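S.K.: Pasting the sequence and the predicted model now:
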Amino acid sequence: MEEKKDQSASEEKPQSESPETTVQSPPVISNTGTEETSTNMDPKLAALLAYVFLWVGGLIFYLIESKNKYVRFHALQSILFNVSYIVILVMLGVVSSIFGSIPGLGLIVVPLIGLLSAAIWLGFFVIWIMLMVKAYQGEKWLLPIIGDIAEKNS
């Protein structure tokens, strides 16, 4: 009987070490380039913070980061994204002021520009959230025009 216990114990041992029962973590694929940054931060966290603090965060990380192109890319894309939003809002404000001063036409155009600016704000907000998520996931999400400029100059 002892022989059978020893045999069954020895048979169970290889089964527990089989590759089917061991848990292996998947390989980590990172697009963050070199993992070393000038700030000694995780590159994904630095890229996220470049978006969180809008153009100011982007400017800070763009100026202090010299080693990691991934962080520099997201910092510059953050700056350009936020500056483009500000430029669009200023242009809408100018158009609203011009048409708002015209009697009759201002009553129609100004509320429409207000709706347009609300829709633009919502669009920029959704894109801003997506940029933060993608940056923290370690992905480069290139925005049209802005992303190309950031890629070339990072």
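M.R.: That came through fine.

S.K.: how about low-confidence regions in the chain?
M.R.: Residue ranges of the chain with pLDDT under 70: 1-34.

S.K.: where exactly do the helices run in it?
M.R.: Using DSSP state H, the helices of the chain run over 2-16, 43-52, 54-64, 69-100, 105-136, 146-153.

S.K.: Just say which of these is most tucked in.
M.R.: helix 43-52 (a mean of 24; mean count of other C-beta atoms under 10 Å). For glycine as for every other residue, the C-beta is placed from the backbone atoms N, C-alpha and C.

S.K.: which residues touch it?
M.R.: Under the contact criterion C-beta atoms under 8 Å, 6 or more residues apart in numbering, helix 43-52 has outside partners 32-33, 35, 37, 39, 57-58, 60-62, 65, 68, 70-71, 73-75, 78, 128, 131-132, 135-138.

S.K.: so residue 89 touches residue 117, yeah?
M.R.: Yes: in this structure residue 89 lies within contact range of residue 117 using C-beta atoms under 8 Å: 6.6 Å.

S.K.: Quickly note the distance from residue 44 to residue 51.
M.R.: Applying C-beta to C-beta, to the nearest Å, one obtains 11 Å for the distance of residue 44 from residue 51.

S.K.: same check, this time on residue 110
M.R.: Per C-beta to C-beta, residue 110 is found 32 Å from residue 51.

S.K.: Any idea how far stretch 54-74 is from the middle of the chain?
M.R.: 13 Å (C-alpha atoms, centre = their mean, to the nearest Å).

S.K.: Next: stretch 129-149.
M.R.: Stretch 129-149 has its C-alpha centroid displaced from the chain centroid by 5 Å (C-alpha atoms, centre = their mean).

S.K.: Same check on stretch 71-78?
M.R.: On C-alpha atoms, centre = their mean, the centre of stretch 71-78 falls 9 Å from the chain's centre.
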